[in-house]
Each structure stands twice: as C-alpha cells, then as structure tokens.
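> Fold the stuff below for me.
(2 chains)
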Amino acid sequence: MLDQTPAPLVSVRDLKMHFPIYAGLFRRRVGEVKAVDGVSFDVMEGETLGLVGESGCGKSTCGRAVLRLYDITSGEIRIDGREIGSVPQPDLRTMRPTMQMVFQDPQASLNPRMTVEAIIKEPLDEHTKLTEAEKREKVAELMDAVGLNRKFAKRYPHAFSGGQRQRIGIARALALNPKFIVCDEPIAALDVSIQAQVVNLLEDLQEKFGLTYLFISHDLSMVRHIATRVAVMYLGKVVELSPREALYAEPLHPYTKALLSAVPEPDPALASTRERIILQGDVPSPSNPPQGCNFCTRCPAVMDICKQDEPKTHEVQPGRFVACHLYNDTADRTAGTEV
Amino acid sequence: MTDQSVDTAVEELTKPRNQWLDVWDQFKTHKGAVVGLGFLIFITLFCAIGPFVWDVDPGKLDIRNKDVRPIYMAIFDGDAKTSWARPMGTDHLGRDIMANTMQGGRISLAVGWTAMILAVLIGTLVGVFAGYFKRLDGLLMRFTDLVLSLPILPLLLVMMLLFRDPLRAAFGPEQGIFILIVTGIGITSWMQTARIVRGDVMAIKEREFVLAARSIGTPARRMITRHLLPNVMSPIMVSATLGLATAIITESALSFLGLGFPSDFPTWGKILFDSVDRMTAFPERVIWPGLAISLTVLSVNYIGDGLRDALDPRIRGQ
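Residues are numbered from 1 along each chain as shown, chains lettered A, B, ... in the order given. This next block holds a predicted model:
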C-alpha cells in the first residue's frame, strides 16, 4: 500500500529485554523475566505495523524498548537511519523528537498538576527555541488538529473525558512533528464508541503528517482496520509477521489461528458454523519459557521437534514470516530468508 | 482555519486567567485556613510591630511592681493587684509580660520558620534524590536512619556546648545563638520529611506520565521540578506545618534546659518554663505564651491544609 520506499524507517533486530529477578536475603539475581526475547521486524515509512498478542506477551515492553524507554538487554534498533540500541540515555535526547509515544491509559499518562497547555507544550519547551507566544499558537494548532477546543487549554486533565484525554496525549506526541509514533494500546482504556473516533483520528493524522505507527493492541478487529502489516507476539517472540489481508484470510501459525478464531463474529449464522480453537492451559512463565518452541505447551499441532528445537523465522510466502516447525519444509524449498 | 477563529482564539489565549487567582478562590472556601491566616497575620504583626507601639523594655526589672495580675482579673477579684500600665501583668521580677510576649514571639516565630524551612529543604532534597536516583537511595536512606537513631536532645545539648562560644564570637551573642539553634533544630528534624518524600517520589516515578516525559527527553532535573515536586507538594506541606510546631517546641525545651538563648532574652518557650513554678498562683503567665504557641501552630496547620487543597487542581475544579 505505502511501502514504495525500500529502506525501512524503523528496523529492529533480535531485540531482547530481560528484567532481572532479585530474591533472597542478599537480593541475589536469581533469574530474569524474558519479556521480549529476540524480536525482529521492520516498519516502512508511512505504514502501520500492528503488534498483537494476548496480555503479558511483551507487546508494551517491546514498544517501549524500541523507543529506548528501557535500557535493552541486547539487539539493534535503527530508527531513521540512526542506531539507538546501545546509545546511553542522555545522548538519545536529540533523537527523541523523531520518535514519540501514545500511552495506554490516558488518565495516568497526563500529569494531574499540569494544564493541557503545559502538557502539550512540554515537548516544545524541551526541544524548540520558540517564544512563549509561538508555543501557545502551536499548542492551539495541535489542539485543533486532534479535535480539542482551544478554550480548554487552561484546564486540567481531570476535567476531560477518556477520549479527550487520549487526544491530549496524541497532541503531545505530535508536537515535535515526529516520524514514528508507538501507539501502546491507545484505545484499550476507552469506550467502544470513542475507540473508533480515536482510531479514525490516528488514521487522519497519519495521512496528514505522513506518520509511521507501531500500533500495539490486543483488539484484533481494530488492528485489522488500521494496520498495514501485523506482527503476532507470543511469550516475548514474534511468531508470525504478515501483511494484514493475508494474515486475516489465512493465518499460518497455530497460535495466530487460535487468536483469530477468538475474535467474536457478529453474524450469528456464521458464528454457529465457525470452528473455535480453544487453547488448553496457561501461558508459560516468561522467566522460565519451555524448551524448544515457546508455544509447544499449548499448540494443537505439536510435534516432537517442537519440544527440542526453537523454530527459526522463515519467509514462507512473499512477505509472510512465520516461526514454526510446521512450515520448515516450505521454507527450505523457497530458500527462506531469516529475519 | 478562518481568520475570525484565529482572532477569537488569540484573544482568549492572550488573557488567560491567572492561576494563582484560582488558588486563592479555592483557599478562601476553606474557613479554617482563612481564620488561621488571619490569626497568623495578627500574631506576626503583634510581635513585629507591637514593640514599637508598646514601648516598654521587656528586660527592665521593676521590683516594686512585681506580680501584677492582668487587668481582667479586676473583674473577678476587686482586691487583685492590677494596673492599666501593665495590662497583662508583670512577673516575679516585675518585667512587663506583654512586652515579653511580643519580644519572645519574635524570636520563637523566627526560629520556628527558619528551622522549619531548613528542615523541609534538607528533607525534600534528600527524599527526592533518594527516591529518584536508585544509586543514591541506599546511601541516603541509611544516613537518614543514622540521624534518626541519634538521641536528639543530648545531641543538641552537645552542639550547644561545642559551638556556642565560637559562634558567639563570630556573630555576636544573639545572632550566634540564633544561627546555632536554627541549624541545630533544622538538621535534626528533616528525616521524617525525607522518608515521606522518598516514598511518594518512588511511587510517582513509576506513573505513566513520568514515562511520557522520559519519552519526550526531559532531563532528570526538570523531571524533578516539573513532574515530581508538584505531585509531592501535599506531604511536604503537611510535614512543614508539623515541623514549625516541633521547631518552636524544641527551642523552648532547649531554653528550659538553659542552653538556648541567654536568660535575659525572652522566647515563648522560656516564658512558659519560667512561670511553671508559680503556675497555680499565676495561671495567666502560662496560659498566654502557651496559647500563643498552640494557636500559631494550629493556624499554620490549617493554612497548610487549605493550601494543599487549593494547590490540587482536582479539588480546585469543584
């Protein structure tokens, strides 16, 4: 759709984010939570990459790690031609205007002691040398852009509804004209009627400012609506990465199949005929993932090899990447490239 | 965007209502705070301007007019020794109690405010640094525990003994003692504030808006001043009001032990302790300075309460 540009804007390679666990009397390091464990993907300029998965699979951590809100364990992150994976935090400051984030909980992500104007103005204060009047004008423009009344600039976040607060968060993210925005479940905390408004706003803004999104969500139907390509995460790893249409039409990975079969079908006639894949058991602990494939404990199509070897990611069809032993043969035939 | 909308918007944006007016409006709705503010202004003026109006030397002995009862005693007891020249009476050495209360109030208020501000500054600083920078946390908090475990009064007494004479020599008898007492009280009462602030900072640090500020690239110093401090204002305010009370009381305890200000130098605490011996015969000598201390502390408490509400935009909006 929009990926005529060959070089990706964002390119993540083997990103790992492990959180140490300390325990015992001497707070010794006894292990680590492998929240994100070897994730690789590209985001082309102007596209929206949807990142889906059940809760606790490391989606949000992945999004935050890409923006270097955490000090990552290992991996490469290249945004707009600059490698930021191992840059110390203070040196990232100049990079911040390029990449911004919209947060999940609009209530928690706005400082309750700051006015809307001060909140949207903060990025301008930090990174621009505009005068006060220019900043105020810019804030007013941003408020127009996200559909907030300019008169509300002096109000505090508590006086707004959830959808309006999320608009404030979006305006703040837009203030520095970023190229890349990580939307960390921006609609999860909103009412269904407001969700559509916010998603449409995000789409409009993408068109207007040529933004690139990493759209993290657990709402598969919303991702289908907004994303160009979709990456499915399970227990810290990307199991499938495909263009939207192909993924929803024909999911390849068993986990993706199960996930898609869980999307409610509005038509009762269709719903009764539909095959629903119900996974048994629970997600294994990310501090102690199973040997072999992470999904082998719950996979309906599990084989012996799944419990021994970790599947590599292969391009099984043009543009479709899957990490599953079921597709190893196809991958060998098509001389699959590793991502 | 049409020109007209720009005009109206600019008009609205160029005359924003001053936020301190909103704060004042909310403050006014807190009756206790308004009364407290009124009393604090009254007592401050009483002590600051009073001595110029009531021009009596508080230290002057007048043995012939000793033990004069306050003027209102004439109502209950016609035989009581009262005099319009001594409306609040005199003590056992004939010193005028009204002049003493004014002079004592000056010292007590100055010590209270300065020591409290010092303690709150140190406490906030230590608390914010310990809460925000993980690396400093252990060190600063163990230091806080260390200071907290010291017995305060003996420590203060030792400090007085050690530093009284050099400071007197350097700054003069009154100034030197004032500095000594204020620093002594200040550096021995910041620990509660530090602990409370540290806990709150640690909690707020994990909130998403701090993460959002980090994604903007806000450096640590502005993170603290812009996001953390305004949100820990309420506990700081509470410990400040309590700190003022503790400072005034600690100063009076020191004076009582004879290691505070020189004996010819009245403070509320000292007047109080001087009068304890003959409390049953002359209750007014205890009641007035005692009342002054408690009412000042109470009014500051109420002001702090009102200010805390007024500074919270969530409460202010209602």
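
> Contact partners for the residue of chain B at minimum distance from chain A?
Closest residue of chain B to chain A, CB to the nearest CB: B:G217 (3.4 Å). Just so you know, the C-beta spots here come from the backbone N, C-alpha and C atoms, and that holds for glycine as well. For B:G217, the contacting residues are A:L92, A:R93, A:R96, A:P97, A:E126, A:H127, by CB atoms under 8 Å, 6 or more residues apart in numbering or on different chains.

> quick one: secondary structure of the residue nearest to the spatial centre of chain B?
Most central in chain B under CA atoms, centre = their mean is B:L244, positioned 2.9 Å from the mean C-alpha point. Taken by DSSP: H, G, I helix; E, B strand; the rest coil, the conformation at B:L244 corresponds to helix.

> wait, it sits on B:S299?
No - using CB atoms under 8 Å as the test, B:L244 is too far from B:S299 to be in contact (10.1 Å).

> hang on, the earlier thing: would you turn the contacts of B:G217 into CSV with distance to A:M114 and pLDDT?
Listed next are the contacts of B:G217 as CSV, based on distance: CB to CB, whole Å; pLDDT from 0 to 100:
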residue, distance to A:M114, pLDDT
A:L92, 23, 86
A:R93, 21, 86
A:R96, 19, 88
A:P97, 20, 88
A:E126, 14, 87
A:H127, 17, 89
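
> So which of these sit within helices?
Among those, the members found in helices (DSSP state H) are A:E126, A:H127.

> and which of the contacts of B:G217 is nearest to chain B?
Among the contacts of B:G217, A:R96 lies closest to chain B (CB to the nearest CB), at 3.4 Å.

> picking that back up, excluding chain neighbours, give the residue nearest to the residue nearest to the centre of chain B in space.
Closest residue in space to B:L244, ignoring its immediate chain neighbours: B:M116 at 4.3 Å, by CB to CB, 6 or more residues apart in numbering or on different chains.

> for the one you found, what are its contacts?
The contact partners of B:M116, taken as CB under 8 Å, 6+ apart, are B:G186, B:A240, B:G243, B:L244, B:T246, B:A247.

> Distance from the strand or helix carrying it to the middle of the chain?
For B:M116, the element it lies in under DSSP states H and E is helix B:97-132. Taking CA atoms, centre = their mean, to the nearest Å, the mean C-alpha location of helix B:97-132 is offset from the chain mean by 5 Å.

> Could you give the average pLDDT over it?
In this model, helix B:97-132 has a mean pLDDT of 89.

> The following helix or strand past that helix - contacts with which helices or strands?
Scanning forward in sequence from helix B:97-132 by DSSP H and E, the next helix or strand is helix B:134-149. Contact here means 3 or more CB pairs under 8 Å, 6 or more residues apart in numbering or on different chains; DSSP states H and E; on that basis helix B:134-149 packs against helix B:97-132, helix B:191-205.

> Now with 10 Å, please.
Helices and strands touching helix B:134-149, as assessed by 3 or more CB pairs under 10 Å, 6 or more residues apart in numbering or on different chains; DSSP states H and E, comprise helix B:97-132, helix B:173-188, helix B:191-205.

> I'd like the ones you listed as a markdown table, with distance to A:D309 appended.
Below are those laid out as a markdown table (distance: least, CB to CB, whole Å):
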| stretch | distance to A:D309 |
| --- | --- |
| helix B:97-132 | 45 |
| helix B:173-188 | 64 |
| helix B:191-205 | 42 |
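
> looking at these, which is buried most?
Scoring the helices and strands packed on helix B:134-149 by mean neighbour count under mean count of other CB atoms under 10 Å in any protein chain shown gives helix B:97-132 as the most buried, with a mean of 23.

> which stretch of helix or strand covers the nearest residue to B:A245 once chain neighbours are set aside?
Spatial nearest neighbour of B:A245, chain neighbours left out: B:V297 (3.9 Å); criterion: CB to CB, 6+ apart. Counting by DSSP H and E, the element that carries B:V297 is helix B:284-311.

> Give me the average confidence score over that helix.
So the average pLDDT for helix B:284-311 ends up being 85.

> List the buried residues in that helix.
By neighbour count on 16 or more other CB atoms under 10 Å in any protein chain shown, the buried set for helix B:284-311 is B:284-286, B:288-290, B:292-293, B:296-311.

> Over to stretch B:128-144?
Of the residues in stretch B:128-144, those buried (16+ other CB under 10 Å) are B:V128, B:F129, B:A130, B:G131, B:Y132, B:L140, B:M141, B:T144.

> Need those residues in TSV (columns: distance to A:H314).
Putting these into TSV (distance: CB to CB, whole Å) gives the following:
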residue	distance to A:H314
B:V128	52
B:F129	51
B:A130	51
B:G131	48
B:Y132	46
B:L140	53
B:M141	52
B:T144	57
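
> Among those residues, list the two that are farthest apart in space.
For the buried residues of stretch B:128-144, the maximum inter-member distance is 15.1 Å, found between B:Y132 and B:T144 (CB to CB).

> List the beta-bridge partners for A:Y213.
A:T48, A:I181 (DSSP bridges).

> which ones are touching residue 75?
As the question left the chain open, I've gone with chain A. Residues in contact with A:G75, defined by CB atoms under 10 Å, 6 or more residues apart in numbering or on different chains, are A:12-17, A:36, A:38-40, A:65-66, A:85-86.

> should've been chain B
Neighbouring residues of B:I75 by CB under 10 Å, 6+ apart: B:T82.

> tell me which element it falls in.
Secondary structure from DSSP H and E places B:I75 in helix B:73-76.

> Next: B:F163.
Residue-wise, B:F163 maps onto helix B:152-171 under DSSP H and E.

> List of residues touching that helix?
For helix B:152-171, contacts defined as CB under 10 Å, 6+ apart pick out B:147, B:150-151, B:173-181, B:183-185, B:187-189, B:191, B:246, B:250-251, B:253-254, B:257-260, B:262.

> Report the buried residues of it.
Here helix B:152-171 shows B:I152, B:L156, B:L157, B:M159, B:M160, B:F163, B:R164, B:L167, B:R168 as buried, counting by 16+ other CB under 10 Å.
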